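Q: fold the following for me, if possible:
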Amino acid sequence: MDLSLKDKVAFVTGASKGIGRAVAEGLAKEGANVVLTARNDEPLQVAANEIAAMSGTEVIGMAGDMSKSDEVERCVNATLKKFGRIDILVTCAGSSPGGLLEDLTEEQWMASLNLKFMGYVRSVRAVIPHMRERGEGSIVLVVGNDGLKPSYWEMTAGVANAADINFASSVAEQYGRYGVRISRRRSRVTRRSSSRARMSSPSHRSPSIASPSRTRWPTSLCSSPRRGRPSSTALTSPSTARSARR
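A: Coordinates of the predicted model:
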């Protein structure tokens, strides 16, 4: 299936391993040029080289800490300088300490929120003016299930994820009218990157995306990655938005 992602420019955070890397692989297999970001440069460069060799597209590893505004801006600006645009943003960065409330320190709470929530805010804020100016773009926030249910141990992650869910909805309300698609994707065990790519395509029809929205523009806030629902990679595709409007 053609996801209409060939020659698109994608910026993926937390992409040296796990879900972020799987999404980057899926995008590259569909012909997109991909910039991978993560805090640790060595595994990041390994991932970038392997994905480039596998896909034949241009894949760049760019070390950056999404908990720091200046590093987010640096990475986004370097990508814009290199490619002239960013068509796709997928945010996957962030891990949080677990524990009982009385054992978690304020520093642990702030570290979790600073990366898992504010890291997403910083990344979206950095690319959104460019996408708004161009009148198009796709943003997918990969958000853990803990934001929708009680979490015994992963309390700090759950709170950050709940904030991400509200943030995705609010940004969709503000910027969907300008042609920027904002989606939220639940994170679970990493699936095969090919299935993620298939579901990020604009041509993939999804019950989640096709469901009515309070707005006239597509604001696809997707739930769990069940069969037939779009993956993170598929949500980046313009074809998914066209399917949603049918």
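Q: do you know how far the residue lying farthest from the centre of the chain is from Met155?
A: Distance from the C-alpha centroid of the chain, by C-alpha atoms, centre = their mean, peaks at Glu102 (32.2 Å). Counting by C-beta to C-beta, to the nearest Å, the gap from Glu102 to Met155 is 11 Å. The way it works is simple: take the backbone N, C-alpha and C, and place the C-beta from them, glycine included.
Q: in stretch 115-127, which residues are buried?
A: Applying a neighbour-count criterion of 16 or more other C-beta atoms under 10 Å, one finds 115-124, 126-127 buried in stretch 115-127.
Q: so who does the closest residue to Glu136 other than its chain neighbours touch?
A: Using C-beta to C-beta, 6 or more residues apart in numbering and skipping residues adjacent in sequence, the residue nearest Glu136 is Gly179, 4.6 Å away. For Gly179, the contact set (C-beta atoms under 8 Å, 6 or more residues apart in numbering) comprises 131-132, 134-137, 217.
Q: again, but for Glu73
A: Contacts for Glu73 (C-beta under 8 Å, 6+ apart) come out as Ala126.
Q: mind checking which helix or strand it is in?
A: Assigned by DSSP states H and E, Glu73 falls within helix 69-83.
Q: export the helix or strand where Gly158 lies as CSV, just CAs?
A: Using DSSP H and E, Gly158 sits in helix 155-175. Taking C-alpha atoms only, helix 155-175 is exported to CSV below (Å, rounded to 0.1, in the frame of the first residue of the first chain):
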residue,chain,number,x,y,z
MET,A,155,2.1,7.2,38.7
THR,A,156,4.4,9.9,37.4
ALA,A,157,4.1,8.5,33.8
GLY,A,158,0.3,8.4,34.1
VAL,A,159,0.0,12.0,35.1
ALA,A,160,2.3,13.1,32.3
ASN,A,161,0.4,11.0,29.8
ALA,A,162,-2.9,12.4,30.9
ALA,A,163,-1.5,15.9,30.3
ASP,A,164,-0.3,14.8,26.9
ILE,A,165,-3.8,13.6,26.0
ASN,A,166,-5.4,17.0,26.9
PHE,A,167,-2.5,18.8,25.1
ALA,A,168,-3.1,16.8,21.9
SER,A,169,-6.8,17.6,21.9
SER,A,170,-6.2,21.3,22.6
VAL,A,171,-3.6,21.7,19.9
ALA,A,172,-5.9,19.9,17.4
GLU,A,173,-8.6,22.4,18.3
GLN,A,174,-6.3,25.4,17.7
TYR,A,175,-4.4,24.3,14.6
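Q: now the following helix or strand past that helix: average pLDDT?
A: Counting by DSSP H and E, the element after helix 155-175 in chain order, helix or strand, is strand 180-187. Averaged over strand 180-187, pLDDT sits at 87.
Q: give me the angle between strand 180-187 and helix 155-175.
A: 160 degrees (axes from the mean of the first three to the mean of the last three C-alpha atoms, to 10 degrees).
Q: tell me the helices and strands packed up against strand 180-187.
A: Here strand 180-187 touches helix 118-134, strand 137-144, helix 155-175, helix 232-235, going by 3 or more C-beta pairs under 8 Å, 6 or more residues apart in numbering; DSSP states H and E.
Q: again, only this time at 6 Å
A: Secondary-structure packing of strand 180-187 (3 or more C-beta pairs under 6 Å, 6 or more residues apart in numbering; DSSP states H and E): strand 137-144, helix 155-175.
Q: gap between the shortest one and the chain center?
A: Distance of strand 137-144 from the chain centroid (C-alpha atoms, centre = their mean, to the nearest Å) equals 3 Å.
Q: partners of that strand in the sheet?
A: Note on strand 137-144: by DSSP bridges, its sheet partners are strand 88-91 (parallel), strand 180-187 (parallel).
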